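[1] need the 3D shape of this:
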Amino acid sequence: MYLQLIASALALGLFLGMLLCVEIGRRMGLAQLRKEPGMPKGFGASESAIFALLGLILAFSFSGAATRFEDHRHLVAEEANAIGTAYLRLDLLPSSAQIALKSQFKHYVDVRILSYSRNEDPIATQQAHAQTAALQQQIWQSATASYALADARANLDLILPDALNAMFDITTTRAVALENHPPFIVFLLLPLLALVSALLVGFDMSNNKHRRWLHIISFAAVMSLTVYVIIDLEYPRLGLIRINPADQVLIDLRSSM
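    Okay, here's the model as predicted:
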């Protein structure tokens with residue numbers, strides 16, 4: 001909710017700022033025309049460079065945000081697969097060792113689902129991550145304790161090195177992925193280039209007798225909306241566009257246990 005408000009405020013601010021920059025640019029152009037009739041020549045190259053840079057930053061920012069959004073969804077599926085594989089391998093253990101571990105696995109999946117379903121509450125999220133770490137330790141201890149069973153040693157070699165490690169490691173991968181964003185300077189450069197571009201658009205329009213509101217508003221609206229979508233995609237657990245439906249694979253896994 002907070003991210004939506006912040007992103008909406010930034011997009012609205014950029015929209016109004018671009019309209020203002022168009023008007024400032026237009027008045028600068030009119031002042032230039034009064035001093036020197038006829039639009040000055042030789043600025044096409046610099047304008048083209050700025051607009052090209054704006055398009056490049058927009059393309060990379062949008063493409064990167066969309067790629068990271070898809071990566072987050074794939075990581076949810078990878079975690080579900082890792083947990084499911086480890087859970088199935090518990091059947092290789094003697095019955096006496098399976099009961100406690102299967103119960104811990106079910107609780108573990110419940111906690112993993114809650115870890116990201118309440119991401120807007122940082123305290124609840126921290127508690128869920130702490131529970132995850134504690135449960136991982138308990139599962140590891142229960143699994144290693146099963147080494148006392150002579151007939152389980154060979155089968156445990158299949159569970160401990162691969163399945164449990166993969167199940168635990170993916171939690172770190174997912175946590176790091178959520179913090180993986182472009183440098184702040186990129187987020188700062190994008191609206192700055194949009195404002196400069198709006199200034200140049202207004203300057204170029206000063207030769208017209210009337211303002212072309214359709215073009216002005218469309219330009220500012222499309223740019224602002226694009227920046228909003230980029231920010232929204234960068235935070236897939238907090239914005240309007242979310243990957244929460246991807247958690248269904250974990251819910252289905254929990255139902256199958």
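
[2] the strands in the stretch 51-200 of the chain, which residues?
    For the stretch 51-200 of the chain, no strands turn up when DSSP state E, counting those that start in this stretch is the criterion.

[3] show me where it dips below the pLDDT cut-off.
    Applying pLDDT under 70 to the stretch 51-200 of the chain flags residues 120, 147-161.

[4] and the helices in it?
    All helices of the stretch 51-200 of the chain, identified by DSSP state H, counting those that start in this stretch, fall at 95-117, 122-145, 153-158, 165-178, 184-205.

[5] so what's A66 up against?
    L233 (Cβ atoms under 8 Å, 6 or more residues apart in numbering). C-beta coordinates here come from the backbone N, C-alpha and C atoms, glycine included.

[6] measure A177 to R73 for me?
    Separation of A177 from R73 (Cβ to Cβ, to the nearest Å): 11 Å.

[7] so which bits of the helix or strand harbouring S8 are buried?
    Using DSSP states H and E, S8 falls within helix 2-35. Applying a neighbour-count criterion of 16 or more other Cβ atoms under 10 Å, the buried positions in helix 2-35 are 3, 7, 10-11, 14-15, 17-19, 21-23, 25-26, 29, 32.

[8] on the pLDDT front, check S8 for me.
    S8 carries a pLDDT value of 84.

[9] name the nearest residue to it, ignoring sequence neighbours.
    Y228 (7.0 Å; Cβ to Cβ, 6 or more residues apart in numbering).

[10] list the residues that contact the one you found.
    7-8, 10-11.

[11] thinking again about what came up before, what's the angle from the helix holding S8 to helix 184-205?
    Here helix 2-35 runs at an angle of 30 degrees relative to helix 184-205 (axes from the mean of the first three to the mean of the last three Cα atoms, to 10 degrees).

[12] which neighbouring elements make contact with helix 2-35?
    helix 184-205, helix 213-234 (3 or more Cβ pairs under 8 Å, 6 or more residues apart in numbering; DSSP states H and E).

[13] how distant is it from the center of its chain?
    Chain-centre distance of helix 2-35: 27 Å, with Cα atoms, centre = their mean, to the nearest Å.

[14] report the angle between it and helix 213-234.
    Using the same axes, to 10 degrees: helix 2-35 against helix 213-234 is 150 degrees.

[15] nearest residue to the residue nearest the centre of the chain other than its sequence neighbours?
    For the chain, the residue nearest the mean C-alpha position is E234 (3.0 Å; Cα atoms, centre = their mean). In space, and not counting its chain neighbours, E234 is closest to A65: 5.0 Å by Cβ to Cβ, 6+ apart.

[16] the one you found: neighbour count?
    By the criterion of other Cβ atoms under 10 Å, A65 has 20 neighbours.

[17] residues contacting it?
    229-230, 233-234.

[18] if we go to 10 Å?
    181-182, 229-236, 241 (Cβ atoms under 10 Å, 6 or more residues apart in numbering).

[19] same question, A31
    S206.

[20] same question, R112
    R112 sits in contact with 76, 79-80, 83, 128-129, 131-132, 135, 167, 170-171, 174, 247, 250, 253-254, where contact means Cβ under 10 Å, 6+ apart.

[21] ChimeraX command for the buried members of these?
    Remark: buried members of these, expressed as a ChimeraX selection using 16+ other Cβ under 10 Å:
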select :76,79,80,83,128,129,131,132,135,167,170,171,174,247,250,253,254
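
[22] rewinding a little: quick one: which of the buried residues of helix 2-35 is nearest R118?
    The closest of the buried residues of helix 2-35 to R118 turns out to be L3 (Cβ to Cβ; 14.4 Å).

[23] confidence score at the closest one?
    70.

[24] how about the nearest residue to I57, chain neighbours excluded?
    Among residues not flanking I57 along the chain, L190 sits closest, at 5.5 Å (Cβ to Cβ, 6+ apart).

[25] so that neighbour touches M223, yeah?
    Yes: counting by Cβ atoms under 10 Å, L190 touches M223, with 9.2 Å between them.

[26] good, wrapping up.
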